[in-house]
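Visitor: here's a sequence, model it:
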Amino acid sequence: MKREILKTTFVAGTLDILGAFAYNYITRKTPPDIILRYIASGLFGKTAFSGGGLYSLIGLVCHFLIVLCCVVVYFKLFRRVSLLRRSILLSALLIALVAWGVTTLVIIPLSKIGASSSGLSAALTAIAILFFCIGLPIAFFTRQYFKQSSTSRYRH
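Guide: Now for the predicted structure:
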């Protein structure tokens, strides 16, 4: 299971950070380095923007750690919550909504980033990116893992 969790984290984390890079570059011409420093600023505040490239690396590591937490929680809940086994699309939406809610209502307020004001359009865009880049890969790979592990038990 550990290997599947790491694979899922890598795929979902990579898709999500690339989605964030693309969206922010297209809409604001913000380069990826600034996105990663923004993530690191959750720990270091404004220092992350004036420091060296190490802050970008820290931002990337923080991003993947957050995705890893999402993946682990979903893997642990998958067998216990029947709703998660009904539909990959429903699961992806739930993952996106929970990830957005935890990020917006818990992580950002507790971080050194400070309050961010975002309207409905920004929230819906973020949820859409999370749906496609985080939710779908997590729901898909988790389902595949448990489908394969349940069929392999019956082969022996």
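Visitor: quick one: the helices in the protein?
Guide: Using DSSP state H, the helices found in the chain span residues 2-28, 32-44, 47-50, 54-78, 88-102, 108-110, 120-130, 136-155.
Visitor: out of these, which one sits most buried?
Guide: The highest average neighbour count among the helices of the chain, using mean count of other C-beta atoms under 10 Å, belongs to helix 32-44 at a mean of 20. Placement of C-beta: from N, CA and C, glycine included.
Visitor: re earlier: can I get the helices of the chain in JSON lines with mean pLDDT?
Guide: What follows is the helices of the chain, written out as JSON lines (pLDDT from 0 to 100):
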{"stretch": "helix 2-28", "mean pLDDT": "96"}
{"stretch": "helix 32-44", "mean pLDDT": "93"}
{"stretch": "helix 47-50", "mean pLDDT": "91"}
{"stretch": "helix 54-78", "mean pLDDT": "96"}
{"stretch": "helix 88-102", "mean pLDDT": "96"}
{"stretch": "helix 108-110", "mean pLDDT": "82"}
{"stretch": "helix 120-130", "mean pLDDT": "93"}
{"stretch": "helix 136-155", "mean pLDDT": "82"}
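Visitor: show me what contacts the residue nearest to the spatial centre of the chain?
Guide: Nearest residue to the geometric centre of the chain (C-alpha atoms, centre = their mean): residue 67, 4.2 Å. With contact taken as C-beta atoms under 8 Å, 6 or more residues apart in numbering, residue 67 is in contact with 9, 12-13, 16, 134.
Visitor: over to residue 4?
Guide: Residue 4 makes contact with 75, 141-142, 145, according to C-beta under 8 Å, 6+ apart.
Visitor: make it 6 Å
Guide: Neighbouring residues of residue 4 by C-beta atoms under 6 Å, 6 or more residues apart in numbering: residue 145.
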